[in-house]
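Student: Fold the following for me, if possible:
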Amino acid sequence: MTQHAPTAEGVNFTTLLKFLNETPDKLKSFAAELGSAEIRWSSSPDEFSVLENICHLRDLELQGYGPRIRRILAEPAPALADFDGARVAAESNYNSEQLDAAMLSFETARRENVEILRTLSDGKLNRTGTLEGVGSVTLRRLAELMREHDEGHLDDLRVLSERLRQAREE
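Tutor: Residues are numbered from 1 along each chain as shown. Modelled structure (predicted):
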């Protein structure tokens, strides 16, 4: 297993998996000192609250990344559906959910997915599927996409945290 080889973006795969494994802890730190109303607050209807971000990440992990990983490992070149996060969010009432339950579900699913990826040989990491809207992806590239998606939501949470601080001061 040569997981120390850099990804397409030049990132060491072990480092990439470490980042993915740490995302649940980063999410917990954003929510740690927020009250019930604050985790459900957003500055506009077009933005997710802290809780909505966590629920979205959970659903993507459970309905998107997990099944994609398993299908790429089990099937030759599977066609992988896009995850319509906006549709799922619109059909759900994320802000009515309990933070601890959503967080635990995301954390459990993420750790399982990372553990699967951690155990794979380079040959298996190079197995491919065709992801709707993206094209051909290897498992290694899928892990990169997971990181990119996490980074986007972590950035959104940093902005949201700043807006929450400003709202408290007003």
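
Student: Which elements pack onto the biggest helix by length in the chain?
Tutor: Secondary structure of the chain read by DSSP state H shows that its longest helix is helix 139-169. Packed against helix 139-169, as judged by 3 or more CB pairs under 8 Å, 6 or more residues apart in numbering; DSSP states H and E, are the following elements: helix 13-31, helix 50-60, helix 66-74, helix 99-118, helix 122-125. C-beta coordinates here come from the backbone N, C-alpha and C atoms, glycine included.

Student: Same list (those) but as JSON lines, adding mean pLDDT and mean neighbour count.
Tutor: Conversion of the helices and strands packed on helix 139-169 to JSON lines gives the following (pLDDT from 0 to 100; neighbours: other CB atoms under 10 Å):
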{"stretch": "helix 13-31", "mean pLDDT": "97", "mean neighbour count": "17"}
{"stretch": "helix 50-60", "mean pLDDT": "97", "mean neighbour count": "24"}
{"stretch": "helix 66-74", "mean pLDDT": "98", "mean neighbour count": "17"}
{"stretch": "helix 99-118", "mean pLDDT": "98", "mean neighbour count": "17"}
{"stretch": "helix 122-125", "mean pLDDT": "96", "mean neighbour count": "14"}
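
Student: what's the closest of these to S42?
Tutor: Closest to S42 of the helices and strands packed on helix 139-169, according to CB to CB: helix 50-60, at 7.3 Å.
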